[in-house]
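In: I need the structure of the sequence given here:
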Amino acid sequence: MITCALTRTFRVLQKSPPNAGGLSYVFQAVGPLNKEDKMRSAKKYTNQTFTKRVDHEGGPHRPFKSIPEPAVCGKCGSIYADRRWSLKTAASEDKKHVHWRPAATITCPACVQIEQGVVGGYLNLAGRFFTEHREEIMHLLEHEEDKAAEDNPLSRVMRYIPSENLMTVETTTEHLAQRLGHAVEKAYRGEISYDFSHENKVARVNWRRD
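Out: Numbering: from 1, shown residues only. As a prediction, the model looks like this:
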């Protein structure tokens, strides 16, 4: 019997005779796997582990060519300059563009996304507590939406879909759905879960309090 450095025990099954041009051995493992080997062999791999995340539907509303600067969205009034979008009020207060006026009129990606109905995130609000405090929760969502627009004008609520005991909020970005859900959970507690699509950049946030 032979014990190797990996703490596995082997039994010699066959040994060649000395006149065969050198000694050779055939071993069979008879001892248990050590902890490291067990962890390595027990790990499961799936196709999802190695599949690259591909966004099939998240990009059609975004332009392939670079946007001319400066530019303004003819629908919402957001302004594009210095490779970023900003609210109209924020751009007018920017000291760098005191005498600047938008030259090109285009449609921003968020407006195109809303027209095409490409949803980036869903927030579902449910439960008896939501039914009883619907109005104040809606005020919180609207306030949080305004704060998010200051950071990124392309992050917007597309529509509110009400029902008797449920409210679904559709957003243009997955980040806004997470932000709104987090704001509700922080203010009113309750139970919240976050689900993300593997291929498309879509977030589904579910909040509930009874």
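
In: going forward, measure contacts and count neighbours with C-alpha atoms only.
Out: Will do.

In: next structured bit after the lengthiest helix in the chain?
Out: Secondary structure assigned by DSSP state H gives helix 134-151 as the longest helix of the chain. As assigned by DSSP states H and E, the chain's next helix or strand after helix 134-151 is strand 157-162.

In: so where's this protein uncertain?
Out: 1-65, 89-103, 199 (pLDDT under 70).

In: Tell me which residues are up against the longest helix of the chain.
Out: The contact list for helix 134-151 (C-alpha atoms under 8 Å, 6 or more residues apart in numbering) reads Ser86, Leu87, Phe130, Ser155, Arg156, Val157, Leu176, Arg179, Leu180, Ala183, Val184.

In: and the last one, that's in a helix?
Out: Yes - checked against DSSP: H, G, I helix; E, B strand; the rest coil, Val184 lies within a helix.

In: Quick one: neighbours of it, just the number.
Out: 20 (other C-alpha atoms under 10 Å).

In: separation between it and Thr168?
Out: Taking C-alpha to C-alpha, to the nearest Å as the measure, Val184 falls 13 Å from Thr168.

In: For the contacts of helix 134-151, which two are the farthest from each other?
Out: Pairwise distances across the contacts of helix 134-151 (C-alpha to C-alpha) peak at 33.0 Å, for the pair Ser86 and Phe130.

In: can you give me the helices in the protein?
Out: Along the chain, the segments classed as helices by DSSP H run 35-42, 47-50, 88-92, 109-116, 128-132, 134-151, 174-188.
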